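*Asks:* Sequence and predicted structure, then a few things I'm wondering about:
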Amino acid sequence: MSEPVRTTESSHKGTVTVTESSSHETSLGCDTIYLTSVQGLLKLTQMAFSFIAFMCVTCAPWWEYSHTSGYQFFQFVSMTCLVLTSIQLFLICTKLIFKIPLPWNIIDVVYHAFAVGFYFLASCLVAAWAYNSSLAAGAVS
């Protein structure tokens with residue numbers, strides 16, 4: 001892709017040509033710099049905590065109790081957030097996010113608002129029905 005060129009009139013003789021370059025590299029490839037940035041590390045941490053919370057609730061013997069729907073909902077929320085965050089990380093690392101013209105900042109804020117709300121609801125359900133320590137650990141993480 002060619003860079004946009006802006007021509008401005010100068011008060012001096014002639015014109016000045018200013019080349020504006022895009023702030024994002026648009027060629028496809030793996031962006032390892034993002035993974036070491038604060039945002040990338042936070043995404044990786046979010047994925048790790050989603051997986052840990054899923055495993056805590058999955059490994060607990062909750063099937064012996066009558067309130068299994070709350071635990072299944074927590075599993076659904078944690079695994080859905082893990083998958084959606086993985087997809088988002090893949091799009092960012094491969095730079096496909098710059099090729100798809102969507103309002104990614106708004107999508108990111110809405111996704112995280114829903115994720116926080118669903119995690120809070122699922123954690124409250126698991127904490128209310130927790131019979132052992134691994135269920136409580138899943139609710140806290």
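*Replies:* That came in fine, so what should we check first?

*Asks:* So which bits of the host helix or strand of Phe49 are buried?
*Replies:* Counting by DSSP states H and E, the element that carries Phe49 is helix 38-59. Going by neighbour count (16 or more other CB atoms under 10 Å), the buried part of helix 38-59 is 40, 43, 46-47, 50, 53-57. For every residue, glycine as well, the C-beta is placed using N, CA and C.

*Asks:* tell me what the next helix or strand after it is packed against?
*Replies:* Proceeding N to C from helix 38-59, the next assigned helix or strand is helix 68-93, under DSSP H and E. Where contact means 3 or more CB pairs under 8 Å, 6 or more residues apart in numbering; DSSP states H and E, helix 68-93 is packed against helix 32-36, helix 38-59, helix 104-128, helix 133-140.

*Asks:* Could you rerun that using 6 Å?
*Replies:* Contacts defined by 3 or more CB pairs under 6 Å, 6 or more residues apart in numbering; DSSP states H and E place helix 68-93 against helix 38-59, helix 104-128.

*Asks:* Give me the below-cutoff pLDDT ranges for the chain.
*Replies:* Low-confidence segments of the chain, defined by pLDDT under 70: 1-28, 62-67, 131-141.

*Asks:* One more pass at 50, please.
*Replies:* Screening the chain residue by residue with the criterion pLDDT under 50, one finds the ranges 1-23.

*Asks:* what angle sits between the helix holding Phe49 and helix 104-128?
*Replies:* On the basis of axes from the mean of the first three to the mean of the last three CA atoms, to 10 degrees, helix 38-59 is oriented at 30 degrees to helix 104-128.

*Asks:* No further queries at this time; thank you.
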